[in-house]
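Chemist: heads up, no residue letters with this:
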DNA sequence: ACCTGAACACCGTTCAAGT
DNA sequence: ACCTGAACACCGTTCAAGT
């Protein structure tokens, strides 16, 4: 069974599936090969090395996001939509997310979201310099948010439930943390992300660098 | 030489040094042991496993930041200072940064910055819920910014110089990216970070959730 | 209590050999 | 052109043996 010819696409797909099933640490060339029922070295006919395979995974996940951009919409709606589209990665491929944000892609798949974002910001009235600035601000926020959501750097605050239950947090040393421990211990990622996006949109909407009146 | 007794601290220090010298990929138990001139298994008398060692690295780097907080200062200055202190990690330990933001610390070293930030935000007039919200916003931004600065997710845009020089970016497909390629290709991390911090401070200063008039 | 070598079950990748 | 097994130089960690 599954004796379609081996191909880069099939190898990448197997890697994505394996990562989502068992986590990024489970990925090895040998493991993927056995998953596909081939010898390890067969993979090297389609992928130069493990790094390139991981790039393929990042690229594949990134290119699957549903980026529906409506150039007619208000710029703030377009920004909102693009940010939310990006966050879908964390939903659909949580365990691949780290790969997507940490491997720099030198392909069209990585350039497309950037192109769209820049076009949107230009249409919002920013010149080139400020469009790039604002894009970087959004990217930093989104990357940081996704990493929290995905379990790396959970709230960055290590207030795990165990610590709360065991009351391991010394209220003398950490009065605020212990007072807010329940809040810190749980996180509505959707709401938290929306809060940040709205605050950023609001902030750049009134930013002096933006020339008003553009659609 | 260097025949001080082995200890967790000495092992962690060797790991930090090795990471900064050769990168995170170079870290292995065997490598660190040989760096210290001991057998591999000697490490396990002071550290339960590699994961715990990496936690130690993150904790060590984090606890070395110069967090000088002045409770008398205006809250916006305190936020600014804390954000800048955090960014110093990327300067002093660039190759350990990924570890600091990606390993969740269950120790006081991780809680201290959180405690200080929450105290500052409370003093700025936020209630508990909003203090946590705003803290998370800042953390996301800072984590994302540091990762860019440190070379993971460079601009997230893969506009490396090679691509610019080789004009590999198709102006038909990516008009904005190719028009702004020089801007995208270089990044003043300091300025970019300051821009984000100021914009966030500005935004939360006028945020409705903040009760005015608090020091 | 601390150190250690041998051993086990893994890695990624090169190379030469097959078809 | 594609597949592959053997081999090499690595991993982290367990275990039993030393002091």
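Modeler: Everything's here; your move. Keep in mind that this is a model prediction, so the values were computed, not measured.
Chemist: Least confident secondary structure element in chain A?
Modeler: helix A:161-165 (a mean of 54; mean pLDDT, DSSP states H and E).
Chemist: Tell me which residues of the lengthiest helix in chain A come out buried.
Modeler: Secondary structure assigned by DSSP state H gives helix A:128-149 as the longest helix of chain A. Using 16 or more other Cβ atoms under 10 Å in any protein chain shown as the burial criterion, the residues of helix A:128-149 that qualify are A:128, A:130-149. Just so you know, the C-beta spots here come from the backbone N, C-alpha and C atoms, and that holds for glycine as well.
Chemist: Show me chain A divided up by domain.
Modeler: A:8-47, A:62-205 (automatic domain parsing).
Chemist: The last one and DNA strand C, any residue contact?
Modeler: No: taking Cβ under 7 Å from any atom of the strand as the criterion, domain A:62-205 and DNA strand C are apart, separated by no less than 13.7 Å.
Chemist: next one: the first one
Modeler: Yes: residues of domain A:8-47 are located near DNA strand C by Cβ under 7 Å from any atom of the strand, namely A:27-31, A:40-41, A:44.
Chemist: Also near DNA strand D: which of those residues, exactly?
Modeler: A:40-41, A:44.
Chemist: Now, of the residues you listed, which are buried?
Modeler: Looks like these have none buried, using 16+ other Cβ under 10 Å.
Chemist: could those residues go into TSV alongside distance to residue A:184 and pLDDT?
Modeler: Shown next, in TSV, are those (distance: Cβ to Cβ, whole Å; pLDDT from 0 to 100):
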residue	distance to residue A:184	pLDDT
A:40	45	98
A:41	49	98
A:44	47	98
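Chemist: Need those in a markdown table (columns: distance to residue B:50).
Modeler: Below are those laid out as a markdown table (distance: Cβ to Cβ, whole Å):
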| residue | distance to residue B:50 |
| --- | --- |
| A:40 | 24 |
| A:41 | 28 |
| A:44 | 28 |
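Chemist: The residues you listed in strands, which ones?
Modeler: Using DSSP state E, the subset of those located in strands is empty.
Chemist: re earlier: and the next helix or strand past the least confident helix or strand of chain A?
Modeler: helix A:175-179 (DSSP states H and E).
Chemist: taking the mean pLDDT, what do you get for that next one?
Modeler: Helix A:175-179 comes out with an average pLDDT of 93.
Chemist: That one: which residues count as buried?
Modeler: Of the residues in helix A:175-179, those buried (16+ other Cβ under 10 Å) are A:176-178.
Chemist: ok, those residues vs chain B, which is closest?
Modeler: Here the nearest of the buried residues of helix A:175-179 to chain B, counting by Cβ to the nearest Cβ, is residue A:176; it sits at 3.8 Å.
Chemist: thought the closest one was touching residue B:123?
Modeler: No: judged on Cβ atoms under 8 Å, residue A:176 makes no contact with residue B:123 at a distance of 10.1 Å.
Chemist: do you know how far the residue lying farthest from the centre of chain A is from DNA strand D?
Modeler: Residue farthest from the centre of chain A, counting by Cα atoms, centre = their mean, is residue A:172 at 37.3 Å. In this view, residue A:172 and DNA strand D are 35 Å apart by Cβ to the nearest atom of the strand, to the nearest Å.
Chemist: Could you do residue A:192 as well?
Modeler: For residue A:192, the distance to DNA strand D - Cβ to the nearest atom of the strand - is 33 Å.
Chemist: Kindly reformat the domains of chain A as TSV containing distance to chain B.
Modeler: Converted to TSV, those look like this (distance: least, Cβ to the nearest Cβ, whole Å):
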stretch	distance to chain B
domain A:8-47	10
domain A:62-205	3
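Chemist: per-stretch mean pLDDT over these, give me the minimum one.
Modeler: Across those, domain A:62-205 gives the lowest mean pLDDT, at a mean of 89.
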